[in-house]
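Novice: fold the stuff below for me.
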Amino acid sequence: MSLPHVRKQHATRHDASGAGVIGRSIILRFEGRWLKPVSFTADGTVRVIGRDAACEVVLPDLSVSRRHAELRDRDGG
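Specialist: Next up is the predicted model:
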């Protein structure tokens, strides 16, 4: 299994007033046909990748640890 490609992009979302707010999202693309791209907002939350069902990104492959990796969004990328 190949490691995922990570791409950050700027996205526009709307706050309660309806005004556009510029933010960042992270998109993970996986090689192979059994996983679809995953995206989430880069909001400082630590995201866990692994086999465990409690992970934000679950990779159903025995070569992956239950808690395989963490994605951390830090200032500056």
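
Novice: tell me how far Lys36 lies from Pro60.
Specialist: When distance is defined by Cβ to Cβ, to the nearest Å, Lys36 is 13 Å away from Pro60. To be clear about C-beta, it is placed using only N, CA and C from the backbone, and glycine gets the same treatment.

Novice: Ala54 too?
Specialist: Counting by Cβ to Cβ - Ala54 and Pro60 are separated by 14 Å.

Novice: do the same with Ser25
Specialist: 24 Å.

Novice: comparing those two, which shows the higher neighbour count?
Specialist: Neighbour count, other Cβ atoms under 10 Å: between Ser25 and Pro60, Ser25 has more, with 15 against 9.

Novice: how many residues are close by Arg72?
Specialist: Taking other Cβ under 10 Å as the neighbour definition, Arg72 ends up with a count of 9.

Novice: same check on Asp52?
Specialist: The burial count assigned to Asp52 is 14, neighbours taken as other Cβ under 10 Å.

Novice: next up, the contacts around it.
Specialist: When the contact criterion is Cβ atoms under 8 Å, 6 or more residues apart in numbering, the partners of Asp52 are 58, 66-67.

Novice: among the residues you listed, which ones are in strands?
Specialist: Val58 (DSSP state E).

Novice: most neighbours, which of the contacts of Asp52?
Specialist: Of all these, Val58 has the most neighbours under the rule other Cβ under 10 Å, reaching 16 neighbours.

Novice: please tell me I have it right and that one contacts Arg51.
Specialist: Yes - counting by Cβ atoms under 8 Å, Val58 touches Arg51, with 6.7 Å between them.

Novice: by mean pLDDT, flag the weakest helix or strand of this protein.
Specialist: Taking mean pLDDT, DSSP states H and E as the measure, the helix or strand of the chain with the lowest value is strand 5-14, at a mean of 47.
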